[in-house]
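1. would you be able to build a 3D model of this:
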Amino acid sequence: MNNIFFISLIVFYLSHYLILNWKVANELLIDKKINKIQSFHEKATIKSGGILIFVTWFIFFIFYQSDFKNLNFIIYFLVANFIIGFFADTQFIQNPFKRFFLMFLMNFLIIFYFKFYILKFNFIFLDYLNLFLIFKAILVFLALFFIINGSNLIDGFNGLLSIHVSIIILVLFLVCKNNNLEIEFERYLIFLIFLNILFLTLNFPNAKIFLGDSGAYFLGTHVAVISIYLANNFKMISPFFIANILFYLFFEIFFSVFRKISQKKNPFFPDDKHLHMLLFKQFKKKTKFANPITSIVINFIFCLTIIPSYMYFDNDYVCKIIFFLQIITYISFYLFLIKKSSHANFCS
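-> Model (predicted):
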């Protein structure tokens, strides 16, 4: 196992060096969106993080193919969504509607082929819809879609997504290890945390590279599919525990869509009214390190909810209470930041 960590480290940094010195890659992957509505960086930065993570992950897969005998579906999801993200990074697919259609088509095919569904929600209305095949497929696609796009939405801040994903995977690892679930799978979860740490060395606190859409899609797909897989295979894991650990990724995009619809805005187009952006604007008034501090604060708040969820991962009643407390906390914090932002604009 130690050998694969060393090999991965070499592959990751060697790939980084090669991409930086490859003119074509720089032209295709450089992020020039400075001072745009969802850009919070002062200089153009290369979006190579997703490629580095994917290449390094692929090396791990070659060495440990035997561990994936029952997990082939994960590989298909990962490769499909990585490719979609890569096309977006290289500007081959710029239209958000085309990207959505491609994501819908590819993921639906994989869902039906592998019969990959969410077996239980422990929520009467959703469990009723889950009795019908078409709704069963739609529900799992929507879960993937919201988590993948939620990952992409929060990716603009140094370390925010990678730290967040690392926390989620660590919690899943602890649940598996402490309850003797998926012993062989533990090695894979450790490796995913290691991958995120490698990326963070180049992205946090100062960003030399970005994940890009390919990296955000790849990480979002990972936590979504792994979480659903574990909940499906181990009845002791509450579906609301999974909902809790994925809450921020899911609810950030869910809340954003309904907020924009209520404001008569197109939910597919970006704005700067997301929770992490509002928090960043408050910190920006006080420190030049507002970007990484935003990531730390949001993930710290997330940990406050994830710890009790972990302690009661098998208690559906407690996990439901925590889930609804997270909704209340998010909306209250959001309204507080909106009020502060509006007051600041009024005063200025």
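2. mean confidence score for stretch 338-348?
-> For stretch 338-348, the mean per-residue pLDDT is 64.
3. low-confidence regions, the stretch 1-150 of the chain specifically.
-> Along the stretch 1-150 of the chain, the model assigns pLDDT under 70 to residues 1-2, 31-43, 65-69.
4. and the strands in it?
-> Listed in chain order, the strands of the stretch 1-150 of the chain (DSSP state E, counting those that start in this stretch) span 30-31, 45-46.
5. out of those, nearest to residue 142?
-> strand 30-31 (28.7 Å; C-beta to C-beta). All C-beta atoms are positioned from the backbone trio N, CA, C, and that covers glycine.
6. ok so, going back, just name the most buried of the strands of the stretch 1-150 of the chain.
-> strand 45-46 (a mean of 22; mean count of other C-beta atoms under 10 Å).
7. how much distance is there from that one to the middle of the chain?
-> Here strand 45-46 is found 20 Å from its chain centre; the criterion is C-alpha atoms, centre = their mean, to the nearest Å.
8. likewise stretch 242-252?
-> For stretch 242-252 - counting by C-alpha atoms, centre = their mean - the centre lies 10 Å from the chain centre.
9. for stretch 281-295, buried residues please.
-> For stretch 281-295, burial by neighbour count (16 or more other C-beta atoms under 10 Å) applies to 281, 282, 283, 290, 291, 292, 293, 294, 295.
10. just these now: which is nearest residue 131?
-> Among the buried residues of stretch 281-295, residue 295 lies closest to residue 131 (C-beta to C-beta), at 40.9 Å.
11. test my guess that the closest one contacts residue 167.
-> No. Applying C-beta atoms under 8 Å as the test, residue 295 and residue 167 come out as separate, 11.6 Å apart.
12. rewinding a little: output the buried residues of stretch 281-295 in TSV, with pLDDT appended to each entry.
-> Shown next, in TSV, are these (pLDDT from 0 to 100):
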residue	pLDDT
281	89
282	89
283	90
290	89
291	90
292	91
293	93
294	94
295	94
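13. strands - which of those residues land there?
-> Nothing among the buried residues of stretch 281-295 maps onto strands, per DSSP state E.
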